[in-house]
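Participant: can you look at this prediction? I've put the sequence above it.
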Amino acid sequence: MQTYRSLFLSDIHLGSIHCKSEALFDLLENTKAKNLFLVGDIITQNAKASHSDIVRFKKLINSRDWNIIYILGNHEKDRKVKQIKLSTVNIFKTYNTYIYDNGKKRIYLTHGDIFHQKDIFQKLLKWTLTKVKKGAKKIEQKRKTHNTSTFYHLKIKPLLQKILHNAYVTYMSSLAKKKKCQIVICGHIHLPERIVKNGIIYLNCGDWINHASYIAEDEAGNFHLISAS
Ligand SMILES: [Mn+2]
């Protein structure tokens, strides 16, 4: 049995056929922790409460005496999913954001979807992306190629994704900085990563769709990004 102070999980998407639930249950069955931080999108949108993975998850997390801190993700914000979620854990308090003080550092916790809700840069980029896509298509039509958007997919899209990713990391770090935190732990973009950005440690839990990744805090208060696959 592996013992940690805290375990951080996000983007499990229980109820989705793509969820690597066996790997997750294996982790939960073999890990002990004082705190269990659920960093959003634990249950996928439109999932049925009777789904076997959700039932098993509920049983497993309720069988321990860890502190459960449930931070809502974008998949958990509509009423139906909220009801499922509330029946899933034995504590009813949920958070949009949370500050965890481990005695050494202040850790800012958020799912991360606020970036897609509020960030003007994101809207601007989306607009740019649409324009570029249209432009690339026009060029290709002029060239009479049937390969609809090779140029866009090979050149423009990766560049925009890089810009978008950098904007996300910068924004998450700025949220932590504003709250006088030294670390930000989030999810949402399904990319497990540890980056130091503007003096803030950015940690993304990753997901249980493509990565089976999570973050663990050891007894000394150090954070580890771990891949279960
Ligand atoms: Mn999300």
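Facilitator: Right, received. Where do you want to start?
Participant: now the most centrally placed residue in the chain: closest residue in space, sequence neighbours ignored.
Facilitator: Most central residue of the chain, judged by C-alpha distance to the mean C-alpha position with CA atoms, centre = their mean, is residue 187 at 1.8 Å. Among residues not flanking residue 187 along the chain, residue 10 sits closest, at 2.8 Å (CB to CB, 6 or more residues apart in numbering). Using the backbone N, CA and C atoms, a C-beta is placed for each residue, glycine as well.
Participant: hmm, residue 109 and that neighbour touching each other?
Facilitator: No - using CB atoms under 8 Å, residue 10 is not in contact with residue 109; the gap is 9.6 Å.
Participant: so which of the two has more stuff around it?
Facilitator: residue 10 (31 against 27; other CB atoms under 10 Å).
Participant: could you measure residue 100 against the ion, distance?
Facilitator: Remark: distance between residue 100 and the ion (CB to the ion, to the nearest Å) = 20 Å.
Participant: list the residues that contact that residue.
Facilitator: 6, 35, 37, 69, 106, 107, 109 (CB atoms under 8 Å, 6 or more residues apart in numbering).
Participant: how about the residues of this protein by the ion?
Facilitator: Residues of the chain lying close to the ion by CB under 5 Å from the ion are 41, 73, 74, 188.
Participant: mind checking pLDDT for the third one?
Facilitator: pLDDT, the model's per-residue confidence, is 90 for residue 74.
Participant: which residues sit in contact with it?
Facilitator: Applying CB under 8 Å, 6+ apart, we find residue 74 in contact with 40, 41, 111, 113, 116, 188.
Participant: lowest-pLDDT helix or strand in the chain?
Facilitator: Lowest by mean pLDDT, DSSP states H and E among the helices and strands of the chain is helix 79-88, with a mean of 58.
Participant: where do the strands sit along this protein?
Facilitator: For the chain, the strands defined by DSSP state E cover 2-9, 31-38, 67-71, 94-95, 97-101, 106-110, 183-186, 193-197, 200-204, 213-217, 223-227.
Participant: before we move on, the earlier item: what do residue 10 and residue 109 both touch?
Facilitator: Joint contacts of residue 10 and residue 109 (CB under 8 Å, 6+ apart) are 39, 186.
Participant: before we move on, the earlier item: could I get the strands of the chain as CSV with mean pLDDT?
Facilitator: Converted to CSV, the strands of the chain look like this (pLDDT from 0 to 100):
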stretch, mean pLDDT
strand 2-9, 97
strand 31-38, 96
strand 67-71, 91
strand 94-95, 86
strand 97-101, 97
strand 106-110, 98
strand 183-186, 98
strand 193-197, 98
strand 200-204, 98
strand 213-217, 98
strand 223-227, 97
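Participant: so which of those is the most surrounded?
Facilitator: strand 183-186 (a mean of 27; mean count of other CB atoms under 10 Å).
Participant: sweet, I'm off.
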